[in-house]
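Visitor: Here you go, sequence then predicted model.
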Amino acid sequence: MARTSAPAKAPDAGYLTPATQPDATQYLPPPPQAGSARQAADDHAFQSTRGLKGGARWALATSDADLSMESLLRSYSCAAGFTLDARKAPRLVALIARMDASERATTRYAKSTWHRPRPFVGNDQPVCTESDRAHLATSGAYPSGHTILGWSTALVLAELLPDRSTDILQRGRVFGESRIICGVHWASDVLEGYVTGSADIAAMHGNPAFRADLDAARTELEGLRQAASRPNAQACAIEHDAAAHSPL
């Protein structure tokens with residue numbers, strides 16, 4: 001597809017500049033075409049997960065849809081092994097907020113370039129955030145912005161807490177899959193969201209300010225880890241079950 005304009009400049013608070021921001025429209029493949037094997041796989045993932053409405057996995061997907069900093073960090077508490085309280089981790093919060101600002105330009109440009117309709121458009125299948133249905137219908141699906149932020153957060157937390165990296169990365173995968181369960185993204189939107197998040201974080205590592213903020217967040221987490229409470233065991237069991245039943 002022909003490019004319509006250059007990617008928008010990231011906010012000044014971001015870690016990336018126009019010169020360092022990877023262009024997802026160039027390294028990602030285009031969205032699946034109608035009748036392709038990739039689209040058939042997307043159709044199957046959407047249809048096969050509609051029956052999860054009302055269950056524990058649906059509730060987890062609904063919770064994962066909340067990108068407030070409090071909710072985002074809390075969603076990684078089980079994987080971290082201790083409660084990640086945004087109120088007690090200002091340096092980590094600042095790091096992730098700046099990461100998010102850095103990635104918005106990538107996400108907006110890719111979505112506007114492809115403007116792929118979401119899976120619920122044109123049908124009455126349930127989604128886990130019904131109040132957002134009308135708004136989401138006007139926003140491109142490819143790649144998944146929630147997945148980009150969720151996976152980027154997982155990558156950073158895995159670097160900060162390497163002894164918990166397997167659990168954290170698994171939770172990052174589940175966080176993205178929640179968008180499939182929710183019915184607001186195709187599976188390929190999520191898969192390429194993982195790729196986009198990885199690309200952005202790789203580029204951010206070239207910025208000294210990003211590396212310095214990582215070090216500050218690492219020190220903060222080391223202190224928080226000693227005093228923080230254990231996460232809710234029932235919530236952790238639900239997340240573990242979700243990891244064992246991937247829709248991909």
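Guide: Nice, I can see it. What you see is a predicted model; the values in this text were computed from it and never measured. Numbering: from 1, shown residues only.
Visitor: what's Arg38 in contact with, if anything?
Guide: Applying Cβ atoms under 8 Å, 6 or more residues apart in numbering to Arg38 gives the contacts 32, 188. All C-beta spots, glycine's among them, are computed from the backbone N, C-alpha and C.
Visitor: Tell me the secondary structure at it.
Guide: Assigned by DSSP: H, G, I helix; E, B strand; the rest coil, the conformation of Arg38 is helix.
Visitor: Tell me the pLDDT of it.
Guide: Note on Arg38: pLDDT of 98.
Visitor: Roughly how far does it sit from Val174?
Guide: Applying Cβ to Cβ, to the nearest Å, the value for Arg38 to Val174 is 22 Å.
Visitor: cool, and Pro22?
Guide: 25 Å.
Visitor: Same check on Gly206?
Guide: 29 Å.
Visitor: which of those two has more neighbours?
Guide: Comparing Gly206 with Val174 by other Cβ atoms under 10 Å, the one with more neighbours is Val174, at 26 against 11.
Visitor: any low-confidence regions in the protein?
Guide: Judged against pLDDT under 70, the low-scoring parts of the chain cover residues 1-12.
Visitor: Can you show me the helices along it?
Guide: 24-27, 37-49, 56-64, 69-74, 77-80, 90-114, 133-137, 145-160, 165-182, 187-204, 208-227, 233-244 (DSSP state H).
Visitor: Out of these, which is closest to Ala13?
Guide: helix 90-114 (4.8 Å; Cβ to Cβ).
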